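Q: Return atomic coordinates for the entry below.
(chains A and B)
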Amino acid sequence: SQQGEEDPQALSIQEGENATMNCSYKTSINNLQWYRQNSGRGLVHLILIRSNEREKHSGRLRVTLDTSKKSSSLLITASRAADTASYFCATTTGFQKLVFGTGTRLLVSP
Amino acid sequence: SAVISQKPSRDICQRGTSLTIQCQVDSQVTMMFWYRQQPGQSLTLIATANQGSEATYESGFVIDKFPISRPNLTFSTLTVSNMSPEDSSIYLCSVSRGLAGGPSTDTQYFGPGTRLTVL
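A: Presented below is the predicted three-dimensional model:
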């Protein structure tokens, strides 16, 4: 399977703390994206980082990409209870086909 | 972004029956995708649906089991045929935002999903 791996599988933190999730993938990519899924519903696109970029920010989100290690990380700063969700990385190799990672379940407690 | 709706939002079906899931987009898009998310798992691409051509299926998925229609640039259906309990999943459609005839972006926008339970 070409599916990427994410770790940790589950993460439990307190509000205000930072949450870091890691994603590893197997093949060369055009870009890598992060999505959030609340309670088994549809996915919300968070951020896209291209293969020639190393870091990208969007609000409280910071994404890094290391193509030499085929890995990416998502940092959520100052987490809130509303950030509780599953987070997936997804890579694109061509033709807009997404290959999703295994996901990280984040629980942020008040 | 694109606004995507799916019908039904959930259903409980009997083994051996079929269910057709509809996906409606608020604007014309070139590419639409269907994914399956089995319980507690990640998403797996079933097929890519382009208007005016046959859907392209991923390894492990076949047209007889998951027939897809794409009659126009804003609508698609996925049928789950001859269902078994192993088909119990969330089925999601997504679009790659791009005007018909033009390049699509890599960002995909997802519908709310259809939660299917097969007894």
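Q: residues from chain B in reach of chain A?
A: Neighbours of chain A within chain B, by CB under 8 Å from any CB of the partner chain: B:1, B:4, B:31, B:33, B:37, B:41-45, B:48, B:90, B:92, B:94, B:96, B:104-113, B:115. Where you see a C-beta, it was placed from the backbone N, CA and C, and this is true even at glycine.
Q: so where's chain B uncertain?
A: Flagging of chain B using pLDDT under 70 yields the residue ranges B:1-2, B:97-105.
Q: Just grab the bridge partners of the residue most central in space within it for me.
A: For chain B, the residue sitting closest to the mean C-alpha position, by CA atoms, centre = their mean, is B:W34 at 3.0 Å. Counting by DSSP bridges, B:W34 forms beta bridges with B:A47, B:C93.
Q: Distance from stretch A:69-84 to the middle of the chain?
A: From the chain centre to the centre of stretch A:69-84 is a distance of 7 Å (CA atoms, centre = their mean, to the nearest Å).
Q: Can you give the contact residues for it?
A: For stretch A:69-84, the external contacting residues (CB atoms under 8 Å, 6 or more residues apart in numbering or on different chains) are A:13, A:15-27, A:32, A:34, A:38, A:46-47, A:49, A:60-66, A:87, A:89, A:106-110.
Q: and it, which residues are buried?
A: Of all the residues in stretch A:69-84, those buried under the rule 16 or more other CB atoms under 10 Å in any protein chain shown are A:K70, A:S71, A:S72, A:S73, A:L74, A:I76, A:S79, A:D83, A:T84.
Q: mind giving me JSON lines with the residues you listed and columns for pLDDT and secondary structure?
A: Shown next, in JSON lines, are the buried residues of stretch A:69-84 (pLDDT from 0 to 100; DSSP: H, G, I helix; E, B strand; the rest coil):
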{"residue": "A:K70", "pLDDT": "95", "secondary structure": "coil"}
{"residue": "A:S71", "pLDDT": "96", "secondary structure": "strand"}
{"residue": "A:S72", "pLDDT": "97", "secondary structure": "strand"}
{"residue": "A:S73", "pLDDT": "98", "secondary structure": "strand"}
{"residue": "A:L74", "pLDDT": "98", "secondary structure": "strand"}
{"residue": "A:I76", "pLDDT": "98", "secondary structure": "strand"}
{"residue": "A:S79", "pLDDT": "97", "secondary structure": "coil"}
{"residue": "A:D83", "pLDDT": "97", "secondary structure": "helix"}
{"residue": "A:T84", "pLDDT": "97", "secondary structure": "coil"}
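Q: before we move on, back to that, out of the contacts of stretch A:69-84, which sit inside strands?
A: A:13, A:19-24, A:32, A:34, A:46-47, A:49, A:61-66, A:87, A:89, A:106-109 (DSSP state E).
Q: check contacts around residue 92.
A: In the absence of a named chain, chain A is used. The contact partners of A:T92, taken as CB under 8 Å, 6+ apart, are A:I29, A:N30, A:N31, A:L32, A:Q33, A:L98, A:V99, B:D106.
Q: switch to chain B, that's the one I care about
A: For B:L92, the contact set (CB under 8 Å, 6+ apart) comprises A:G42, A:L43, B:Q6, B:W34, B:Y35, B:R36, B:Q37, B:L43, B:F110, B:G111, B:G113, B:T114.
Q: Around the first one, count how many other residues there are.
A: Using other CB atoms under 10 Å in any protein chain shown, the number of residues around A:G42 comes to 19.
Q: B:P71 belongs to a strand?
A: Yes. Per DSSP: H, G, I helix; E, B strand; the rest coil, B:P71 lies within a strand segment.
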